[in-house]
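In: Turn this into a structure:
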Amino acid sequence: MSNLHTHNHQHSHKQLKGRNLFISILLNILITVAQVIGGLVSGSLALLSDALHNFTDVISLMVSYIATVLSKKSASLHKTFGYKRAEILAAFVNAATLIIVAILLIKEATIRFQHPHEIKSGLVIWLSLLGIIVNGLSVLLLKKDSERNMNMRSAYLHLLTDMLASVAVLIGGLLMKFYEIYWIDSVLTLIIALYLVWVGFDLLKDSFHVLMLFAPENIPIQDIVKEVQELEQIKNVHHVHVWQLNEDETHFEAHVDFHENITLSQFDEVLNEIEELLFHKFKINHVNIQPEFGKCGPKDVIVQD
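Out: Prediction:
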């Protein structure tokens, strides 16, 4: 198996800002405590829902932080890949919690909409402003890493939706204060919940695909097979598997049937050509090829093991 390219690029892509993540955890603990107290005092469901979402953020950020630390651990005889999938698992868990929280908020918003009551809007306004500031700072801290890592993106989405939720709560607080439209509290809670479902489902789907070893959607397997088969010495490419270990490592393995019974040194030359082709054109950085000559068996591109 070749991992020549991975070690040259992986470290530069995985310098995740654990310090920024830790700061975000502390900030979200602060805002969660403040919003729970404020929600109970003011009677605002939107504020309590925002606090609940912030609490899930604290948990998700902790999961992300632990996963980031674990992902840097070295491989061993019993853990040959180390903990490289910890971040994908964290992203899956975080996405699932987003959807679960959203369902609970929809239920509570429906009940509260049928029985609206007066809310202390002044407290709601000030705490929502605090939420916007704290979550906005956390979003800025994690934005860069979220662009290249699914685990960090899950934490970033939690924080981004929280900031947007705080904006919605602020709007609701102003409407309640100046126009006494108290049912807006439930409507905003419902909007927040639906947005959580929307962003959570995409992340849940993406992380599920990686965990299930599905081929990445941007990898055209038929095109890869066609291009590899165009190499002079190669007769057929079959029994192909393509999967992601994590977001930095895409693996390709296949059986390659040769026209002639070539030597090991000749195979190394061909293997190098395949590696260069797959890395530079398809961004595949781990290649495992099983050479064959005159071997009987299925020659389909995909063979069920």
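
In: any chance you could map the helices in the stretch 51-200 of the chain?
Out: 86-114, 121-146, 150-179, 184-211 (DSSP state H, counting those that start in this stretch).

In: and the third one, what other elements does it pack with?
Out: If I follow you right, that is helix 150-179. Applying 3 or more CB pairs under 8 Å, 6 or more residues apart in numbering; DSSP states H and E, we find helix 150-179 packed against helix 18-42, helix 45-71, helix 86-114, helix 121-146, helix 184-211. Where you see a C-beta, it was placed from the backbone N, CA and C, and this is true even at glycine.

In: For the helices of the stretch 51-200 of the chain, please prepare a markdown table with the additional fields mean neighbour count and distance to residue 61.
Out: Formatted as a markdown table, those follow (neighbours: other CB atoms under 10 Å; distance: least, CB to CB, whole Å):
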| stretch | mean neighbour count | distance to residue 61 |
| --- | --- | --- |
| helix 86-114 | 20 | 9 |
| helix 121-146 | 20 | 8 |
| helix 150-179 | 23 | 5 |
| helix 184-211 | 20 | 15 |
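
In: Columns distance to residue 74 and mean pLDDT on top of those helices, output as JSON lines?
Out: As requested, the helices of the stretch 51-200 of the chain are exported to JSON lines (distance: least, CB to CB, whole Å; pLDDT from 0 to 100):
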{"stretch": "helix 86-114", "distance to residue 74": "13", "mean pLDDT": "83"}
{"stretch": "helix 121-146", "distance to residue 74": "22", "mean pLDDT": "85"}
{"stretch": "helix 150-179", "distance to residue 74": "19", "mean pLDDT": "81"}
{"stretch": "helix 184-211", "distance to residue 74": "22", "mean pLDDT": "85"}
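
In: pLDDT score for residue 243?
Out: We note a pLDDT of 96 for residue 243 in this prediction.

In: A helix includes it, no?
Out: No: applying DSSP: H, G, I helix; E, B strand; the rest coil, one finds residue 243 to be strand, outside a helix.

In: what's the distance between the nearest residue in space to residue 21 that is not next to it in sequence and residue 19?
Out: Distances taken as CB to CB, 6 or more residues apart in numbering place residue 65 nearest to residue 21, at 5.0 Å, with adjacent residues excluded. Using CB to CB, to the nearest Å, we find residue 65 at a distance of 10 Å from residue 19.

In: Ok, residue 221 next?
Out: Going from residue 221 to residue 19 by CB to CB gives 40 Å.

In: Between these two, tell me which one has more neighbours.
Out: Shown here are residue 221 and residue 19; by other CB atoms under 10 Å, residue 221 has more neighbours (18 against 9).

In: looking at it, the more buried one is touching residue 214, isn't it?
Out: No: taking contacts as CB atoms under 8 Å, residue 221 lies outside contact range of residue 214: 11.5 Å.

In: In contact with the closest residue to residue 160 other than its chain neighbours, which residues?
Out: In space, and not counting its chain neighbours, residue 160 is closest to residue 139: 5.4 Å by CB to CB, 6+ apart. Contacts for residue 139 (CB atoms under 8 Å, 6 or more residues apart in numbering) come out as 156, 159, 160, 163.

In: Show me where the stretch 201-305 of the chain has its helices.
Out: For the stretch 201-305 of the chain, applying DSSP H, counting those that start in this stretch gives helices covering 221-229, 264-282.

In: in the first one, what counts as buried?
Out: Under the neighbour-count criterion of 16 or more other CB atoms under 10 Å, helix 221-229 has 221, 224, 225, 227, 228 buried.

In: To what extent is the residue lying closest to residue 69 once chain neighbours are set aside buried, counted in neighbours?
Out: Leaving aside its chain neighbours, residue 69 sits nearest to residue 18 (6.9 Å; criterion: CB to CB, 6+ apart). Residues within reach of residue 18, counting by other CB under 10 Å, total 14.

In: distance of residue 18 from residue 63?
Out: For residue 18 relative to residue 63 (CB to CB), the value is 13 Å.

In: Residue 302 too?
Out: Taken as CB to CB, the span from residue 302 to residue 63 is 35 Å.
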